[in-house]
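Asker: What would the 3D arrangement of this be:
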Amino acid sequence: MSATTTPRTTQQDIQGIGEDWLAVWLGLVVIAAALLSLAGPDLLGWAVSTKIWSGPGFAAALAPVGKGYASLGGWGSLILTWLILLAALSVGAAALRTDVKRFAVRFTVVFWLAYISWIIGSEAHLAVTSAADAQKYGVGWYLKLTPEGGLVVALVAGLVIGNFFPRFAAWLGEAIRPELYIKTALVVLGAVVAVTIADRLGYAGSIVWRGVAAIVEAYLIYWAVVYFVARKWFGFSREWSVPLASGISICGVAAAVATGSAIRARPVVPLVVSSLVVVFAAVELLVLPFLAQHFLWQEPLVAASWLGLAIKTDGAAVASGGIAESLILARAAAEGVKYAPGWLLGTTVTIKLFIDIFIGFWAFLLAWIWTRHVNPQAGHTARAAEIWQRFPKFIVGYAVAFVVVLLATLAAGPATVAKLKSATGEAGNLRVIFFLLTFFSIGVLSNFRKLWEEGLGKLVGVYVLALFGFVIWVGLLISWIFFAGVKPPLAG
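Answerer: Residues are numbered from 1 along each chain as shown. Predicted structure coming up:
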């Protein structure tokens, strides 16, 4: 299975600085800027953010993420974000021995098309998730996709270009680098996860440890079953089965990319899986919280754990936890039980974040297995050094970011922790922009008709069968085993 257009990364690039190492340095520069902001001026507040909007215009939805840059205004912040990313990525293009001028022109087009998609995805009819917000924005119907629906819009926009305007897609080629964008985003994610985990070290111990125990099944049960189904029932190669099993069973986009890199799958493989992850996460977001309200309102932490295990993107999982908490607390209150807010959402977030942490371990394990047993270099016994050669280097960046920020958070006083949360929040905003560039690029790279002819239909079949026929229900069972009878505290 392949796409008609492939990234322009050469094998020499991969063995030299390559997109993997470049992503590490780009991500660590963002995190360093966030940490330096603690002792001086805000170095990331210029980045644009977009709120949910409705009405005839969207200009009011744009604003700098940092309050100190309010004078820039929304458009000024958007233009400055484009210019700074253009400069940083042009330096990266030079390091990859790409024509910098060609890259700069094409990246400009990619950035603006992708961000317009994000703005469209933030429109209230698509992004609103509650009746109260619908009333606030004056919309009569809404799809509950959250602003993360903008990723779906970007993916669709890219697919339109890749399938109906192939010459334009080919012209964009130098700037269509989804691996670089996604890996940079995942390095930054390490810092965001660290702050949240540090903040939850004081979270009720029983919840944390029950969550860790529940996560084990995602690796030991989910992964093996999905891999078996993909290989034996649908006939996929190992190259496709590993990222597919990781994306469905562990943590969606991040796991698919990390484990695909660990076994040296072609770049298109984890990226196509990633596009499916985002689409199906949107479907789950529309359905699962309401099933949780109807069937699990008397076991609220079972519902919260279930959503954290079942929904495979961070944004959709967190949004589903928030929706489910609102629905279940309202249902319980109608029955005379008033739970304290925050515990359902906190459980969903905690489980999802612990899953994120284990991605690096799983990628390392698969790199070791593939190096030693599945695909050692021909003609000699696999060496330990080959594990490092195959290991996805951006996971190193993720780990460095996580450890440094976690230790900084634990050592800091309350005032500094508050600043650190704000700074990593601004870094997380840039992470979202890199995710956006990723999904637009995935769409451009994918000739849908060609992919369907070569097996995309089977790929969707594996996803549907594994997710809705197995993963969701086993996750529910495990959540019930570990959380049944555990109630959040009552309000007051």
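Asker: Around residue 411, how many other residues sit close by?
Answerer: If you count neighbours by other Cβ atoms under 10 Å, residue 411 ends up with 10. Where you see a C-beta, it was placed from the backbone N, CA and C, and this is true even at glycine.
Asker: Isn't residue 225 up against residue 469?
Answerer: No. At 10.1 Å, residue 225 does not count as touching residue 469 under the criterion of Cβ atoms under 8 Å.
Asker: Who has more neighbours out of these two?
Answerer: Neighbour count, other Cβ under 10 Å: between residue 225 and residue 469, residue 225 has more, with 17 against 11.
Asker: Where does that one sit, in terms of helix or strand?
Answerer: Of the helices and strands defined by DSSP states H and E, residue 225 is found in helix 223-228.
Asker: Now do that helix: distance to the chain's middle.
Answerer: Distance of helix 223-228 from the chain centroid (Cα atoms, centre = their mean, to the nearest Å) equals 22 Å.
Asker: again, but for stretch 460-476
Answerer: Distance of stretch 460-476 from its chain centroid, counting by Cα atoms, centre = their mean, is 19 Å.
Asker: And the contacts of that stretch?
Answerer: Stretch 460-476 has contacts (Cβ atoms under 8 Å, 6 or more residues apart in numbering) with 217-218, 221-222, 225-226, 229-230, 233-234, 236, 244, 248-249, 276, 280, 284, 288, 302, 306, 309-310.
Asker: swap in stretch 177-188?
Answerer: Taking contacts as Cβ under 8 Å, 6+ apart, the residues outside stretch 177-188 that touch it are 7-9, 19-20, 22-24, 26-28, 30-31, 89, 92, 253-254, 257-258, 267, 271, 274, 392, 394, 397-398, 401, 427-428, 430-432, 434-435, 437-439, 441-442, 445.
Asker: Give the buried residues for stretch 482-492.
Answerer: Neighbour-count burial for stretch 482-492 flags 482, 483, 486, 488 (criterion: 16 or more other Cβ atoms under 10 Å).
Asker: next one: phi and psi at the third one?
Answerer: Its backbone dihedrals place residue 486 at phi -90, psi 120, with angles given as degrees, to the nearest 10.
Asker: and the gap between it and residue 305?
Answerer: Distance of residue 486 to residue 305, computed by Cβ to Cβ, to the nearest Å: 9 Å.
Asker: do the same with the second one
Answerer: Summarising the geometry, the distance separating residue 483 from residue 305, computed by Cβ to Cβ, is 5 Å.
Asker: Looking at the buried residues of stretch 482-492, which is nearest residue 316?
Answerer: residue 483 (20.6 Å; Cβ to Cβ).
Asker: So residue 227 sits against residue 242, correct?
Answerer: Yes. Residue 227 lies in contact with residue 242 (Cβ under 8 Å); the separation is 7.0 Å.
Asker: In three-state terms, label residue 256 for me.
Answerer: For residue 256, the secondary structure call by DSSP: H, G, I helix; E, B strand; the rest coil comes out as helix.
Asker: Model confidence at the residue nearest to it when sequence neighbours are not counted, what's the number?
Answerer: Leaving aside its chain neighbours, residue 256 sits nearest to residue 247 (3.7 Å; criterion: Cβ to Cβ, 6 or more residues apart in numbering). Note on residue 247: pLDDT of 88.
Asker: Now do the contacts for residue 247.
Answerer: When contacts are counted by Cβ under 8 Å, 6+ apart, residue 247 touches 253, 255, 256, 270, 273, 274, 276, 277, 312.
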